[in-house]
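Novice: Quick one, fold the following:
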Amino acid sequence: MYSIGEMVVNRDSFKQGHVSEINENEQKVEIKYEDGSTQWVDLSSVSKLLLEVDPRTNPNGWGRENNFLFEEDITD
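Specialist: From the prediction side, this is the model:
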């Protein structure tokens, strides 16, 4: 399942946005796209957005958007 605010991709249109609402009964999420539009999409057509970070430009850890996790921040 997805969380409100999570970055996702509509696999049918390849548009990316954030989950703004979730309807578990109908198995749909509302996506607010970067252009400001919204659309209800079946869960089968939604994927989490994974961003690749070049380790040469961020050698201390990995990042997702502007949130960075560094090795020293990880606790077991």
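Novice: Please make it C-alpha for all contacts and neighbour counts, starting now.
Specialist: OK.
Novice: Please name the nearest non-neighbouring residue to Glu21.
Specialist: Glu30 (5.0 Å; Cα to Cα, 6 or more residues apart in numbering).
Novice: May I have the residues that are in contact with the one you found?
Specialist: The contact partners of Glu30, by Cα atoms under 8 Å, 6 or more residues apart in numbering, come to 19-22, 38-41.
Novice: so which two of those are the farthest from each other?
Specialist: Of all pairs drawn from the contacts of Glu30, the one with the largest separation by Cα to Cα is Ile22 and Thr38; the distance is 12.6 Å.
Novice: Which one of those two is surrounded by more residues?
Specialist: Neighbour count, other Cα atoms under 10 Å: between Ile22 and Thr38, Ile22 has more, with 19 against 15.
Novice: That one belongs to a strand, doesn't it?
Specialist: Yes: with DSSP: H, G, I helix; E, B strand; the rest coil as the criterion, Ile22 is part of a strand.
Novice: ok, now how distant is it from Leu51?
Specialist: As for Ile22, its distance to Leu51 is 23 Å (criterion: Cα to Cα, to the nearest Å).
Novice: What are the boundaries of the helices in this structure?
Specialist: For the chain, applying DSSP state H gives no helices.
Novice: Any stretches of it with poor pLDDT?
Specialist: Confidence mapping of the chain against pLDDT under 70 gives the ranges 52-76.
Novice: how many neighbours does Asn18 have?
Specialist: Careful, residue 18 is His and not Asn. With neighbours defined by other Cα under 10 Å, the count for His18 comes to 21.
Novice: Cool, thanks, signing off.
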